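Undergrad: Below are the sequence and a predicted model for it; my questions follow.
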Amino acid sequence: KVVSFGGFFSAFCRCCIGCGSGSVSVVLRRLSHATKESVVDYDLEVVRNIGIMAHIDAGKTTTTERMLHLSGFMRSVGTVDDGNTQMDYLRDERERGITIVSAATTIKWEGSPLTRKFGTYYFNLIDTPGHIDFTVEVERCLRVLDGAVAIFDASAGVEAQSITVWKQAERYNIPVIGFVNKMDKIGADFEKCVSAISDKLTIPPLPIQWPLGNESDYNATLDLVQGKVWSWDADGTVHVDDVLEGHKHFELLCDKQAEVVDILSQTDDIFMEHVLENDMMLPPPSITSAAIRRGVLSRQCFPILCGASRRLKGVEPLMDGIAAYLPSPLERPPIQLAYKGSAESHDTHLLATGAHTGENVLTLPPSTNQDLAAFAFKVVYDQHRGPLVFVRVYSGVLHSRGVVFNTELHEKERVTRVLKVHADDYEEVDEVPTGHIAALVGLKKTSSGHTLVDGRAKSDLRKRVMAGIQLPNPVFTCSIAAEGVTDKELQHALDCMQREDPSIHVTYDEETRQTLLSGMGELHLEITLSRMKDMFNIHITPGPMKVAYREEVVAPSAVKHHLHREMGGSMQDCTVNVRVEPSSEPTHVFISDDVNASFPEEKSSVFAESLRVGGDNGSEKGPLLGNPLMNCCVVLEGISAVPETSAQALKTCMFEAVQKALKQAEIRILQPRMALEVVVEESDVGSVLNDLNSERHAFVREVEMKGEQERIVKAEVALATMLGYSSSLRALTSGRGNFSMEFSHYEPLTQTELDQLLPPPPPLNEHDEVEEIKDGGANKP
């Protein structure tokens with residue numbers, strides 16, 4: 001069935017969500033009130049492209065499933081524990097109870113009892129993983145979203161991955177609202193959670209709801225903006241009642257509204273004027289909601305709601321909050337494109353957030369009348385359809401069976417089909433207009449981070465790209481071997497996995513003749529191998545896990561290298577003077593203007609490019625263990641070559657010179673240090689601390705309380721000592737403990753660690769032994 005993507009939206013008044021007033025008492029049975037439609041008029045003002053983000057086990061998928069149910073998208077409610085959720089569709093996700101890949105869907109929200117009369121909204125919703133090993137999924141989704149909901153566990157507060165995803169949203173300047181979940185859980189503490197948000201995050205929290213009761217007593221929420229109480233019966237019936245003078249919660253409402261006035265007055269002058277006119281009382285809901293919305297869009301305030309998603313408590317007001325406070329595509333900065341060659345030198349943060357003011361930057365407003373500009377942010381391999389490329393259209397319209405131009409690869413590709421996405425289910429449509437997300441079939445080479453424009457776009461637009469996606473470096477590596485498949489079949493499977501997950505790296509070690517698979521953690525690599533078995537029926541045997549060390553230049557070294565040999569049928573002769581030195585920037589090659597000026601004019605660009613490539617290749621790995629070299633500057637100080645010198649000769653000469661300079665330089669090996677959080681029961685804290693101190697030489701920072709019975713051990717530890725920690729923790733805590741790690745920084749190895757890592761010196765030969773005896777042992781090696 002082919003329908004228009006324009007068939008999901010209708011017009012509305014942007015600020016009407018907060019306009020409710022008067023006495024309202026509504027009883028709502030949880031019945032489906034939304035229907036699926038194919039073709040209706042739409043308005044981008046009612047569209048919300050949002051992501052759900054949080055630490056693992058805070059309730060992201062559960063909240064998303066309840067949204068699907070309340071919107072009428074599905075009648076039955078799936079649970080993570082039962083392994084039957086819509087959004088977690090992979091076998092590994094359902095068996096392990098965690099989100100591994102981000103899942104997208106579109107739902108229609110006609111409003112809660114308070115807002116249903118004000119119009120319909122459409123949420124393009126993405127549920128993201130919470131485990132640090134899959135953080136690239138969060139990164140590339142936030143790159144294309146307009147807003148986000150940050151979910152917190154009411155008993156745990158701000159956890160490690162909570163801070164990580166917050167920084168990712170901050171990187172792209174994404175407006176965020178908060179939801180304190182699991183208010184019915186033992187140890188739930190709303191005030192403590194809000195206090196942790198205030199201490200650890202960068203935007204002051206603004207509680208606009210207040211829970212009435214905690215743990216098993218939680219069954220109602222005070223709405224501070226509307227002045228009402230939401231309450232829930234055991235059978236799923238929701239009540240919304242006014243809190244007037246004389247109500248048992250009226251005094252609490254006044255106290256908490258005064259706090260709202262105080263916080264909003266500090267960030268919004270318009271609101272402050274209304275407060276002064278209203279005798280320092282909270283203005284009407286429409287004015288307060290408008291002020292909160294302005295604060296969210298400018299990232300000046302962070303409204304906090306609360307509930308218990310598993311029991312369907314608080315999800316309707318959360319969905320109202322998404323519609324009321326998060327932006328439409330029209331309210332986000334327009335997308336910007338820079339020339340591909342110069343994009344690297346631009347401030348990519350400004351370019352990604354549409355705030356770049358430099359020259360030669362093209363800005364395209366979100367309109368279907370503009371040139372097509374779409375961003376590919378995710379690739380999923382489908383066994384029947386082939387690779388599905390997920391795109392966000394920022395301007396123009398992307399048509400099915402049309403031709404697009406990949407400005408990153410400078411190639412044309414044909415879109416054979418356009419699909420509307422619901423998790424792992426797809427519906428074919430004929431176009432994707434501005435502001436929407438869809439999956440494309442038929443693109444053979446497009447990957448995450450690529451920019452797509454119309455196949456007939458002007459030459460200037462074809463040279464431009466959007467800011468890409470920031471990818472983390474892998475920290476774990478293992479060798480892999482497959483039996484019963486050809487090298488071609490294995491390579492195809494690995495290529496598909498790398499294209500789908502850009503945080504996976506596959507390399508080949510020439511010395512050991514092994515294929516190496518690198519990723520973000522033990523779980524990441526384990527899941528990757530499991531998915532290859534499911535998708536391609538390839539059984540892979542992994543080798544032992546290894547840590548991804550780095551090497552660094554400590555002291556500079558300079559060499560003069562002369563190349564004189566036959567290459568390509570002719571004698572080549574050239575000399576380069578090269579220096580390698582420490583740098584505060586990533587490893588790069590520097591060619592001064594004076595050296596550039598010495599190149600033969602007719603070969604200037606060819607010489608420069610060949611020397612740069614040779615320098616990049618030569619400084620790719622360190623000389624000690626062949627680990628990636630970081631923070632090194634390769635300086636070309638001089639060159640002697642004739643115009644007839646070939647590009648290959650220059651590249652080879654530069655490569656050999658850099659390798660020689662690195663061997664003479666002082667090099668040190670760096671190891672990754674991780675920020676570790678271990679959640680255990682109080683009775684297990686002692687054994688866990690003893691293991692961290694004695695076996696892993698960790699630096700324990702603190703032990704925090706998590707509810708009444710659990711504790712969070714926070715530490716910093718070398719990644720190399722954490723190999724196999726999952727099994728160790730399971731044994732120490734009888735399976736009750738769990739942990740998460742996040743990369744913190746690199747630091748030099750100690751001499752003891754270095755001695756254990758470096759291979760032993762080669763054994764003495766007979767001549768060495770004779771010389772030692774003759775010398776009487778005085779010069780013993």
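TA: Thanks, I have the structure now.

Undergrad: List the buried residues for the host helix or strand of residue 689?
TA: Using DSSP states H and E, residue 689 falls within helix 685-694. Neighbour-count burial for helix 685-694, counted by 16 or more other CB atoms under 10 Å, picks out 685, 688-689, 691-692. Every C-beta, even on glycine, is put in place using the N, C-alpha and C of the backbone.

Undergrad: Can you lay out the residues you listed as JSON lines showing distance to residue 718 and pLDDT?
TA: JSON lines is the format used below for the buried residues of helix 685-694 (distance: CB to CB, whole Å; pLDDT from 0 to 100):
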{"residue": "685", "distance to residue 718": "22", "pLDDT": "92"}
{"residue": "688", "distance to residue 718": "17", "pLDDT": "93"}
{"residue": "689", "distance to residue 718": "17", "pLDDT": "94"}
{"residue": "691", "distance to residue 718": "14", "pLDDT": "93"}
{"residue": "692", "distance to residue 718": "11", "pLDDT": "94"}
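
Undergrad: Save these as CSV, and put in distance to residue 564 too.
TA: Below are the buried residues of helix 685-694 laid out as CSV (distance: CB to CB, whole Å):
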residue, distance to residue 564
685, 68
688, 63
689, 63
691, 60
692, 58
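
Undergrad: Closest to residue 705 out of those residues?
TA: Here the nearest of the buried residues of helix 685-694 to residue 705, counting by CB to CB, is residue 685; it sits at 10.7 Å.

Undergrad: Which of the helices or strands spans the closest residue to that closest one other than its chain neighbours?
TA: Nearest residue to residue 685, sequence neighbours excluded (CB to CB, 6 or more residues apart in numbering): residue 711, at 5.1 Å. Applying DSSP H and E as the criterion places residue 711 in strand 710-718.

Undergrad: Could you list the paired strands of that strand along with their orientation?
TA: In the sheet, strand 710-718 lines up against strand 666-681 (antiparallel), strand 699-706 (antiparallel) (DSSP bridges).

Undergrad: hey, which of those strands is tucked in deepest?
TA: Mean neighbours per residue, mean count of other CB atoms under 10 Å, is largest over those for strand 666-681, with a mean of 20.

Undergrad: tilt between that strand and helix 685-694?
TA: 170 degrees (axes from the mean of the first three to the mean of the last three CA atoms, to 10 degrees).

Undergrad: that older thread, only C-alpha atoms, please: export the strand holding residue 711 in CSV.
TA: Provided in CSV are the C-alpha atoms of strand 710-718 (Å, rounded to 0.1, in the frame of the first residue of the first chain):
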residue,chain,number,x,y,z
GLU,A,710,21.4,-1.1,47.4
ARG,A,711,24.7,0.8,47.1
ILE,A,712,26.5,2.3,44.1
VAL,A,713,30.3,1.9,44.2
LYS,A,714,32.0,4.6,42.0
ALA,A,715,35.6,4.0,41.0
GLU,A,716,38.2,4.7,38.3
VAL,A,717,40.0,1.6,37.0
ALA,A,718,42.3,0.5,34.2
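
Undergrad: for it, the distance to its chain's centre please.
TA: Centroid separation for strand 710-718 versus its chain: 23 Å, with CA atoms, centre = their mean, to the nearest Å.

Undergrad: list the buried ones in that strand?
TA: In strand 710-718, counting by 16+ other CB under 10 Å, buried: 710-713, 715, 717-718.

Undergrad: Lowest-confidence member of the residues you listed, which is it?
TA: Within these, the minimum per-residue pLDDT falls on residue 710 (84).

Undergrad: okay but that residue is in contact with residue 681, surely?
TA: Yes: using CB atoms under 8 Å, residue 710 is in contact with residue 681, at 5.8 Å.

Undergrad: circling back to that earlier point, can the buried residues of strand 710-718 go into CSV with extra columns for distance to residue 696?
TA: As requested, the buried residues of strand 710-718 are exported to CSV (distance: CB to CB, whole Å):
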residue, distance to residue 696
710, 21
711, 18
712, 17
713, 12
715, 8
717, 5
718, 8
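
Undergrad: Okay, helices next: where are they in the stretch 101-250 of the chain?
TA: Applying DSSP state H, counting those that start in this stretch to the stretch 101-250 of the chain gives helices spanning 135-142, 160-171, 190-200, 250-267.

Undergrad: from these, which stretch is densest packed?
TA: Sort these by mean neighbour count, taking mean count of other CB under 10 Å, and helix 135-142 sits at the top with a mean of 25.

Undergrad: angle of that one against helix 160-171?
TA: Here the directions of helix 135-142 and helix 160-171 differ by 30 degrees (the same axes, to 10 degrees).

Undergrad: gap between residue 66 and residue 424?
TA: 20 Å (CB to CB, to the nearest Å).

Undergrad: In three-state terms, label residue 355 for me.
TA: The local conformation at residue 355, judged by DSSP: H, G, I helix; E, B strand; the rest coil, is coil.

Undergrad: so who does it touch?
TA: 173, 333 (CB atoms under 8 Å, 6 or more residues apart in numbering).

Undergrad: go on, residue 742?
TA: Going by CB under 8 Å, 6+ apart, residue 742 touches 132, 160-161, 164, 674-675.

Undergrad: Now do the buried residues in the helix or strand that it is a member of.
TA: Using DSSP H and E, residue 742 falls within strand 738-748. By 16+ other CB under 10 Å, the buried positions in strand 738-748 come out as 739-743, 746.

Undergrad: go on, stretch 582-599?
TA: 583, 587, 589-591, 595, 599.

Undergrad: hang on, the earlier thing: which of the helices of the stretch 101-250 of the chain sits closest to residue 309?
TA: Short answer: helix 190-200, nearest of those by CB to CB, at 14.8 Å.

Undergrad: hmm, who's touching the closest one?
TA: Under CB under 8 Å, 6+ apart, the answer for helix 190-200 is 152, 154, 157-158, 162-163, 178, 180, 183, 204-205, 207, 210-211, 214, 302, 304, 306.
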